[in-house]
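> just coords:
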Ligand SMILES: [Zn+2]
């Protein structure tokens, strides 16, 4: 059993979009695990074996108890029955309380399909007669992370304290990032200002809750809260910080 399961379409997405949350939860003593839907084998840069090594290193940096790859085809993730069964199986096997996945409105087709795939699999994993032969298990609502889209977050997680560790975990994906000596084709992530752009995004969402760095998450439907006081803090209300 794992407390939180982080799901990414490609081996660098967990680090880039929800690495701060993974680090924060691990620091609080929760068990966390990672699932990459693809090995990132169709990436413009890097090889499959490089990306496997980087994924393993990233898991170590984030404090994930495990990281596995479901082997779906990079660039061609589909929300079909076979793929849903794979995700249902992984959910039932690890029995997470929380699942974190890309937001279905993401502009990258692998991300948007992954979001919808995880959303449906999370629900179906609780239906005993559907999917692989394992005891049913339905985690709580999915926390969806944006990558480049501007969203109105349902919540922003303060990741200020772990922020440099998050960026260190992002940087293990060196095959994808800027390298002035590389003669591989240019990509968005390999541009010289990519890391600065990620930092600006997280700084922006952090500013929405009055902290230095924050990660934005969107949830379908309302969240149940027993005690609203810790979550109603706002900029300037330092008494609650
Ligand atoms: Zn991706």
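Cool, the structure landed. Computed from a predicted model, the values in this text were never measured in an experiment.
> Now for the residue of the chain found nearest the ion: which residues touch it?
In the chain, the residue found nearest to the ion is residue 10; the distance is 3.6 Å by Cβ to the ion. C-beta coordinates here come from the backbone N, C-alpha and C atoms, glycine included. By Cβ atoms under 8 Å, 6 or more residues apart in numbering, the contact set of residue 10 is 36, 37, 38, 40, 43, 74, 110.
> The third one: how many residues sit nearby?
Neighbour count of residue 38, defined by other Cβ atoms under 10 Å: 24.
> thought it was touching residue 68?
No: counting by Cβ atoms under 8 Å, residue 38 stays clear of residue 68, with 12.0 Å between them.
> so what's residue 149 up against?
Contacts of residue 149 (Cβ under 8 Å, 6+ apart): 103, 105, 106, 107.
> And residue 206, by the same measure?
Residue 206 neighbours (Cβ under 8 Å, 6+ apart): 156, 158, 159, 160, 212, 213, 214.
> JSON lines please, covering those residues and showing distance to residue 24.
Output for the contacts of residue 206, formatted as JSON lines (distance: Cβ to Cβ, whole Å):
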{"residue": "156", "distance to residue 24": "12"}
{"residue": "158", "distance to residue 24": "8"}
{"residue": "159", "distance to residue 24": "6"}
{"residue": "160", "distance to residue 24": "10"}
{"residue": "212", "distance to residue 24": "14"}
{"residue": "213", "distance to residue 24": "11"}
{"residue": "214", "distance to residue 24": "11"}
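> Just the buried ones from those?
Neighbour counting with 16 or more other Cβ atoms under 10 Å marks 156, 158, 159, 160, 213, 214 as buried within the contacts of residue 206.
> quick one: contacts for the third one?
So that's residue 159. 20, 21, 23, 24, 166, 202, 206, 213, 214, 215.
> tell me which element the first one falls in.
In other words, residue 20. helix 13-27 (DSSP states H and E).
> Does stretch 162-170 reach the ion?
No: Stretch 162-170 lies apart from the ion when judged by Cβ under 5 Å from the ion; the minimum separation is 12.4 Å.
> buried residues in stretch 49-58?
50, 51, 52, 53, 54, 55, 57, 58.
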